[in-house]
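Visitor: fold the following and give me the result.
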Amino acid sequence: MWYVLYTKPKAELKVAETLKQIQVEVYCPTITEVRQWTDRKKKVTVPLFRSYVFVRLREMDRHKVFEVPGVIKYLYWLGRPALVKDAEIEVIEKWLNGDELEEVSVSHLSPGDKVTFSSGAFKNQEAIIQEVGTKRIKLILLSLGCTVTAKTREVLQPANQ
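Guide: This next block holds a predicted model:
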């Protein structure tokens, strides 16, 4: 099981690197975005989950993470430390590394619709559509309780099917 750490804004990558140096198993999923400046465009690597880093360690070693600058606290859910299953981390990894997705049109989907992934890393996961763009769709994944931006190549179907 993985714990979720809340970090200072924009400190996720530095926190993850420092945690690795003190032998804490850490996962900070990242994506590459194109940022526009007035004079150029640049690809930058940014965390998938802003201000969050996943760590796997024993319960008795949980205090070690506070030695790292930028760590604020553990994320809690219902009064207990939030835990993420290994399978959920694997789903995130598969989704980030996946290139087996098919090209589909999502023009019939609109914000507020509830959908289920019919294939890919999030197969059978339910989500609520937050925004629909021409190349990307913003979804709220109900099982993880977070917002994800996906390419419209993901295979989705209405949840009631």
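
Visitor: just the helices in this structure please.
Guide: For the chain, the helices defined by DSSP state H cover 12-21, 86-97.

Visitor: got JSON lines for those helices, with distance to residue 43 and mean pLDDT too?
Guide: Every residue, glycine included, has its C-beta placed from N, CA and C. What follows is the helices of the chain, written out as JSON lines (distance: least, CB to CB, whole Å; pLDDT from 0 to 100):
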{"stretch": "helix 12-21", "distance to residue 43": "15", "mean pLDDT": "96"}
{"stretch": "helix 86-97", "distance to residue 43": "16", "mean pLDDT": "85"}
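
Visitor: those helices: which one's closest to residue 37?
Guide: helix 12-21 (20.2 Å; CB to CB).

Visitor: CA atoms only: put that closest one into CSV for me.
Guide: C-alpha atoms of helix 12-21 as CSV (Å, rounded to 0.1, in the frame of the first residue of the first chain):
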residue,chain,number,x,y,z
GLU,A,12,6.7,17.6,-5.9
LEU,A,13,9.6,16.6,-8.1
LYS,A,14,12.2,17.9,-5.6
VAL,A,15,10.5,16.1,-2.7
ALA,A,16,10.4,12.9,-4.7
GLU,A,17,14.1,13.1,-5.5
THR,A,18,15.0,13.9,-1.9
LEU,A,19,12.9,11.0,-0.6
LYS,A,20,14.7,8.6,-3.0
GLN,A,21,18.0,9.8,-1.6
